[in-house]
Each structure stands twice: as structure tokens, then as C-alpha cells.
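Enquirer: When you get a sec, could you give me coordinates for this:
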Amino acid sequence: GPTETTVGCCISQRYPVKNEGIGAPYANTRVYVLDSQLEPVVQGASGYLYVSGPGVAAGYLNLPEQTKAAFINNPFVAQGDYNGLYDRLYFTGDLVKVDRASQLHYLGRSDAQIKLRGYRIELHEIEQQLLSLECITQVAVTLKKQDKREWLAAFYVSEQVVTHEQFVDLLSDRLPHYMIPSQFIALSELPLTANGKVNHEALPTQDLAQAQFQAPSNKTEQQISDIWQSLLNVERVSTLDNFFQIGGDSISSITLVSKLRKAGFNFAVKDVFTHSTVQAQAKYVLSGHSSTTVLSQQGELVGKFSLL
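Expert: As a prediction, the model looks like this:
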């Protein structure tokens with residue numbers, strides 16, 4: 001348990017049968033798994049771990065703002081009951097879920113923020129969306145680095161096979177493009193530390209280019225892939241590559257739209273954000289959404305007009 005709860009607050013069985021979670025609270029300790037509105041989450045759902053009891057500290061010495069943020073009044077008991085032992089809740093910052101046996105399972109930190117291509121990303125937000133999928137039982141999202149490249153990798157344990165494309169389709173409606181992992185790696189189980197937390201240092205590293213390369217399967221994919229390759233000056237492009245994760249940005253997306261239009265594909269900049277892989281753009285074209293002839297006129301534009 002955290003130092004703020006006098007080191008320990010939960011106990012987990014390790015012998016003779018090992019419990020993979022972080023266990024259940026001590027007899028004189030109460031734990032709550034709550035959402036951002038301090039409402040209890042349903043069994044199996046991820047939430048923020050709060051701790052209450054005689055072991056909870058009074059606060060941080062000479063740090064009133066941090067104390068105010070982390071130690072709050074307990075809304076689940078009447079103040080003063082039980083001699084005031086449960087009057088306060090400590091916000092641990094941990095994300096957990098409760099299984100059917102009422103055992104807590106650690107999922108990650110809620111304050112795990114990283115910066116990728118100028119965007120600040122809370123990794124737990126991605127993990128929460130992945131855990132909302134029924135087939136996913138465990139997940140850890142981390143920032144991977146190799147040479148000069150950086151990308152998001154999602155490691156997961158699932159009861160069924162989920163393809164890269166399915167993950168992207170599922171997350172596209174829930175997260176902005178820059179928060180969608182470039183890799184989705186299935187594991188039989190996540191590596192854990194001695195206290196039951198995910199051991200991020202033990203998560204494997206797979207070369208991004210080798211792990212997910214998929215060659216174009218039709219003429220349209222090949223055309224779009226060639227345009228990407230020329231624009232981004234890369235050696236090869238996988239149909240699963242995300243435009244914004246292999247060097248593209250909002251400025252180059254305008255140039256991409258121009259080149260796609262010259263090739264006969266009617267794209268707008270917003271379509272690049274919505275369909276950010278070669279495969280997705282090819283499907284968009286083949287579904288008929290991009291078949292309108294584009295008429296262009298060079299010269300001064302006067303009056304009101306929409307953006308690209």
C-alpha cells in the first residue's frame with residue numbers, strides 16, 4: 001500500500017495459492033473504487049482507488065495544496081462516526097478494478113502522463129478505453145522508443161483474438177488519433193512486480209516497422225501508399241501505419257490532400273484525421289465516398305468559403 005496509508009492497506013494471499021491481485025483491505029481499513037464524480041463503479045470496471053481508515057495520514061507536511069487535493073472528506077460516512085476514523089479519504093492515484101471474489105487488481109497510475117509529438121497524453125485514459133472492451137482482461141499502455149522513433153504500444157490479455165484493424169476501429173470513435181497506439185501486442189499475462197503492479201520495464205519491445213508491416217493488397221492501397229512514401233520521405237509504408245505516427249502532421253496533411261486529389265481521390269483534411277491509415281483511406285475511396293470529381297480554380301478567392 002501507499003506511504004500515505006502508513007505503508008499498508010491491503011493484503012493478498014501468496015501461499016499456497018497465489019493471488020495475482022493486490023488483495024483486499026485490512027479489517028480496519030475501507031477502500032473505495034470510484035469514478036471521477038466520486039460514484040462507485042460496477043464490479044469489473046476500472047476506477048480510482050481511495051482509502052479510508054486509522055492508517056490514513058493527516059496530510060503532507062507544509063504542502064497544503066497537495067494535502068487538499070489528495071485528502072478529502074469521506075462522503076460515504078457521517079462525519080464523526082466511528083470516532084472519526086473514516087472521516088477522510090485518501091486519493092491514491094491508482095487505477096484498479098474489483099473481481100467477483102472482491103479482490104482488487106492494480107491496472108496502472110492515473111497520473112501517468114507522457115508527451116508524444118507535442119501532445120500531452122494520459123496513458124490511463126487509453127487503458128480505460130481498452131478495458132471497456134469485454135474481451136480485454138488486462139492492459140498496459142506505454143511509450144516505446146527505438147532509435148529516433150517514439151510510439152505508443154498497448155500490451156493486453158484477451159479472451160479472444162483481436163486484430164490491429166479492429167482495435168483501431170473501436171478506438172477511433174473514442175479517442176483522438178494521437179492517442180491510438182501504433183502497436184497492439186497480445187500476451188498470455190502481463191509481467192508484474194512483487195507487489196502486483198505492472199512491471200513496465202519487463203514489457204517486450206518489438207520493432208514497430210517489422211511488427212506491423214502489411215503490404216498494399218490492391219491498386220488503391222498501392223497508389224495511396226506511394227503518395228505517403230513520397231510525401232513523408234520514408235523507405236516503405238505499411239497499410240496499417242498511422243499518418244500522424246510516421247512523420248505526418250496537420251501541415252503535411254494539407255499537402256497530402258492536394259496529392260490525393262490530383263490522383264483523383266476527393267479527400268478533405270478532416271478525412272485524413274478520420275481515416276488516418278492507408279488501409280482506412282483506401283476503404284473510404286472504394287466505398288464511394290471519394291468518387292466526386294474535384295473542380296479547382298487557381299487565383300484569388302473572394303467572399304465566404306469553407307475550409308478544406
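Enquirer: Residue 225 sits in which helix or strand?
Expert: Using DSSP states H and E, residue 225 falls within helix 219-232.
Enquirer: average pLDDT across that helix?
Expert: Averaging pLDDT along helix 219-232 gives 92.
Enquirer: Packing partners of that helix?
Expert: helix 250-262, helix 278-284 (3 or more C-beta pairs under 8 Å, 6 or more residues apart in numbering; DSSP states H and E). C-beta: built from backbone N, CA, C; applies to glycine.
Enquirer: any idea how far the last one is from the chain center?
Expert: Pointing back at helix 278-284 there. 23 Å (C-alpha atoms, centre = their mean, to the nearest Å).
Enquirer: helices and strands around it, which ones?
Expert: Under the contact definition 3+ C-beta pairs under 8 Å, 6+ apart, helix 278-284 sits against helix 219-232, helix 269-274.
Enquirer: among these, which is the most enclosed?
Expert: Highest mean neighbour count of the helices and strands packed on helix 278-284: helix 219-232, a mean of 18 (counted as mean count of other C-beta atoms under 10 Å).
Enquirer: where in the stretch 1-150 of the chain is pLDDT low?
Expert: Along the stretch 1-150 of the chain, the parts satisfying pLDDT under 70 run over 1, 7, 14-20, 111-112, 147-149.
Enquirer: Going by residue numbers, what spans are helices in it?
Expert: Here the stretch 1-150 of the chain has its helices, by DSSP state H, counting those that start in this stretch, at 64-70, 123-131.
Enquirer: Need the contact partners of the last one.
Expert: The reference is to helix 123-131. With contacts defined as C-beta atoms under 8 Å, 6 or more residues apart in numbering, helix 123-131 is touched by 45-46, 95, 97, 107-114, 136, 139-143, 152, 154, 156, 167, 171, 174-175, 179-181.
Enquirer: So for the protein, the centremost residue is which one?
Expert: residue 126 (1.6 Å; C-alpha atoms, centre = their mean).
Enquirer: Tell me how far it lies from residue 166.
Expert: Per C-beta to C-beta, to the nearest Å, residue 126 is found 16 Å from residue 166.
Enquirer: What segments of this protein are strands?
Expert: Using DSSP state E, the strands assigned to the chain run over residues 10-11, 24-25, 30-34, 47-52, 71-73, 88-98, 104-109, 113-116, 119-122, 136-146, 149-158, 183-186.
Enquirer: Can you say which of those strands is nearest to residue 228?
Expert: strand 149-158 (16.3 Å; C-beta to C-beta).
Enquirer: what angle do the closest one and helix 123-131 make?
Expert: 40 degrees (axes from the mean of the first three to the mean of the last three C-alpha atoms, to 10 degrees).
Enquirer: which residues are contacting strand 149-158?
Expert: Around strand 149-158, the neighbours that count as contacts under C-beta under 8 Å, 6+ apart are 116-117, 121, 126, 130, 135-144, 162, 167, 179-190, 203-204, 206, 208, 245.
Enquirer: residues contacting residue 282?
Expert: 216, 218, 220-221, 224, 239.
Enquirer: In terms of distance to residue 256, which of those ranks first?
Expert: So of those, ranked by how close each gets to residue 256 (C-beta to C-beta), first place is residue 224, at 9.3 Å.
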